[in-house]
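>>> I'll drop the sequence and a predicted model, then ask my questions.
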Amino acid sequence: MAYDTETGKNTKILKSHEAGVYCLAWNLHHIATGAADYTVCLWSSDVRGKKLKGEVSLPDAVLRGHVSIVTGVCFSPDGMKLVSVSQDCNIIIWDTLNHKVMKCIDAGHKDWISCCAYSDSGDFVITGSQDFTLKMWNVKEAKDAKEKGSFIGHTSSINEVVFTNGVVGSACLDGTVKIWTHRGVEITTLYCHKQRVNSCDIHMASSSETLTRQSKVKQDTESQGWRYDWADDDDEENDPSRKRKTIRLEDIKVATASDDGSLKLWQPFTANEICSITGHGDRIVSLATTPNNHFITSSMDTSVKLWQPELDQENPYESFHCHNAPISSLSISPTGNRIIMTSRETAVSLWDVSWRVGTSTRSPNNLILKKIHSLTGHERAPTVSCYPTDKCFCTAGEDSKLICWGYNPNQGYPRIRRSVQEVTMGSITTLGYLSSKSQLMVGYWSGKIIVYDMSAIEAGKLPQLTILDPGFKDWVMSMSFHNQDLYLLSMDKKLAVIGFNNTLTNTFSTPSIEGFYTETEDKSKKSRSAKYPKRAFPTHFVIYQRFKIIGDSTGTAVAFTEDDSNEFNRFKLHDKKITALLLSNNQLISCGMDTKVKFWSLSTQNQNLTLEQTGEYRCKSPVTHAKIYPSPSSKSTHLYLLVGDQYGHVNVLNWH
């Protein structure tokens, strides 16, 4: 049926198929449908006249060639060709003028083919299948079509594929949507729905919306920025009508429709859900995007709905270039007004945090970071920092120096001085502050902890209270306070508990987190490039209820209890080293060297810990450090996050 989008009334009926219609495609000249009667029907359309001739319209042609249900149809950009796919695993390309077969790809997949899409250039077709793979076909040649490559990564049947401006999106039975480059490189995975995703579409807002022929773009995996790749296209100079389209990552939106009856809109490169729309009474089976930012959905509740979501929301993140080297630590003052940063440069920087005047909401776009001071004092790059009070912060690192800096913001132009500079017994790996006792905990490469009294720091005194020896054979990787107890994680996979009186109460080995990196063996050369194992090591940990969650250098996390560390749950959080684990209520935030920041919902079921990913943000370079920024209100549902990366940027994220 054809509907008038202004009135919502049925204008024409397209009649031909003898069984259920499975797919539909439309352009300025034709309408094509595929059905369970194994046929493809083709109609001529008069879109500019906004009507189809006759109340009941019969097809101009019935295309026969498949021997099973036709599951997908798609027109080439110029409208001269039509591709159809079927449960018979075959791919047929038709000539829309003479209605003849131009190419036929037999057994293109190992299982049913469920969807197809043309590239913007018309040279390639991509197909999705029940065999969990996507395949790209070169159909430019006059003779047989050739497979250009496979997209491997889905773990369930693929229901929909969309291909625009070099970006490929695929919807899956397991509720996920993957975004790929046109070369088959997976960019990100969106965990969109708890039920099957039936359809997805990509919307791109740009300054050049009307194009005669779209140009291909690819994502540069090193800079995570967009650039054009003409390797597979004709020279632009030979086609003056071709016009480049400027695309920014923030302009890309992905819409998804699911069996749960909801339509969701995403920013794929931050994994941020822009909005979730409900209104159907049953599962949504198809979705389409209009040029004027509207979305059309059809549902098993027998209705077709037209939606107009707001797309001009502010970005949920902001990025500041703070250093010219990787950020090694971030510490926030107790009031949240200042931030201390250290990097692989030897300088330490102090920043003032403020919000734009006249703004009603605290979004990252309204946050202002202003550098107050750049401090020198370390001979080698400081790697850790701590902000115990508003008038004092501490930095330390591999040069064995612990420097406590005094800061008085009330003296006109704020001045900073070294209150104490302590030459310690070795390289310092971690700092922690117990506010209830005004004690500074300093962890070392040697595996020992020195406890200092911070109560007299304003007078320039830092008396040493005690030295704790938890029995570690390697350095202290991370520390955390929980119920007045100090938990220490070591490089040799041990977790120690220090009681309120600074006495060792428990030490136990963590579950095995052994992992191996394997390099391809080079039989022609006997060198380090041959296969060899590298042991995994713990990096960070958090405590959630009775569970200890430890992340390691392979991107894996284990969760266990002190009662039985032999029983544990293992989770693959990142593809590379975990560089931060943070906890906010029932939300776990993990950061990794794979450039990703992921958000997980925590829950317990049958005495086991379960994780469900709820969001993801992708930085421009590997993440090196992260801290939760204090929320302006205890009732706020917003989570503010400061994320430092290898480029020296600090990204401010807002998650809610």
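Nice, I can see it.
>>> phi and psi next, for residue 646.
phi -70, psi -20 (degrees, to the nearest 10).
>>> report pLDDT for it.
The model reports residue 646 with a pLDDT of 91.
>>> relative to residue 557, how far out is it?
22 Å (Cβ to Cβ, to the nearest Å). Any C-beta I mention is one placed from the backbone N, CA and C, and that applies to glycine too.
>>> which SS class is the spatially closest residue to residue 67 that is not a sequence neighbour?
In space, not counting the residues next to it along the chain, residue 67 is nearest to residue 88; the distance is 4.8 Å by Cβ to Cβ, 6 or more residues apart in numbering. Secondary structure state of residue 88, per DSSP: H, G, I helix; E, B strand; the rest coil, is coil.
>>> number of nearby residues for residue 88?
Residues near residue 88, counting by other Cβ atoms under 10 Å, number 20.
>>> and what of residue 260?
Other residues lying near residue 260 total 18 when counted by other Cβ under 10 Å.
>>> isn't it right up against residue 192?
No. Here residue 260 does not reach residue 192: they are 9.6 Å apart, not a contact under Cβ atoms under 8 Å.
>>> and the residue lying closest to residue 307 once chain neighbours are set aside, what is it in contact with?
The spatial neighbour of residue 307 that comes closest, neighbours along the chain excluded (Cβ to Cβ, 6+ apart), is residue 295 at 4.4 Å. Residues in contact with residue 295, defined by Cβ atoms under 8 Å, 6 or more residues apart in numbering, are 201, 255, 263, 265, 287-289, 306-309.
>>> ditto for residue 186
Listed by Cβ under 8 Å, 6+ apart, the contact partners of residue 186 are 151, 153, 178-180.
>>> one more: residue 467?
So, once contact is read as Cβ under 8 Å, 6+ apart, residue 467 ends up touching 448-451.
>>> between those, which has the most around it?
The member of the contacts of residue 467 that has the most neighbours, counting by other Cβ under 10 Å, is residue 449 with 25 neighbours.
>>> before we move on, back to that, isn't the residue nearest to residue 67 up against residue 68?
Yes. The criterion here is Cβ under 8 Å, and residue 88 meets it with residue 68 at 3.9 Å.
>>> bridge partners for the residue nearest to residue 307, pull those for me.
With DSSP bridges applied, residue 295 shows beta-bridge pairing to residue 289, residue 307.
>>> worst-scoring helix or strand of this protein, pLDDT-wise?
Least confident element among the helices and strands of the chain, by mean pLDDT, DSSP states H and E: strand 217-219 (a mean of 30).
>>> please give me every residue in contact with the closest residue to residue 576 other than its chain neighbours.
Taking Cβ to Cβ, 6+ apart as the measure, residue 576 lies nearest to residue 593, with 3.9 Å between them; neighbours along the chain are not counted. Residues touching residue 593, when contacts are defined by Cβ under 8 Å, 6+ apart, comprise 574, 576-577, 579, 622-623.
>>> what does residue 385 give?
Counting by Cβ under 8 Å, 6+ apart, residue 385 touches 329-331, 340-342, 348, 393-396, 431.
>>> about what we covered before: gap between the residue nearest to residue 307 and residue 287?
7 Å.
>>> what about residue 646 and residue 557, which has more around it?
Shown here are residue 646 and residue 557; by other Cβ under 10 Å, residue 557 has more neighbours (29 against 19).
>>> are we agreed that that one is in a strand?
Yes. The assignment for residue 557 is a strand, going by three-state DSSP.
>>> next SSE after the host helix or strand of residue 582?
Following DSSP states H and E, one finds residue 582 within strand 578-584. Downstream of strand 578-584, the next assigned helix or strand under DSSP H and E is strand 587-592.
>>> residues touching the helix or strand just after that following strand, excluding its own?
Scanning forward in sequence from strand 587-592, with DSSP H and E defining helices and strands, the next element found is strand 596-605. Residues outside strand 596-605 that contact it (Cβ under 8 Å, 6+ apart): 188, 271, 544-545, 547, 573-574, 586-592, 609-619, 623, 626, 641, 643, 653, 655.
>>> kindly recompute the last result at 6 Å.
For strand 596-605, the external contacting residues (Cβ atoms under 6 Å, 6 or more residues apart in numbering) are 544, 586, 588-591, 610-618, 643, 655.
>>> and it, what's buried?
Taking 16 or more other Cβ atoms under 10 Å as the basis for neighbour counts, the residues of strand 596-605 that come out buried are 596-600, 602.
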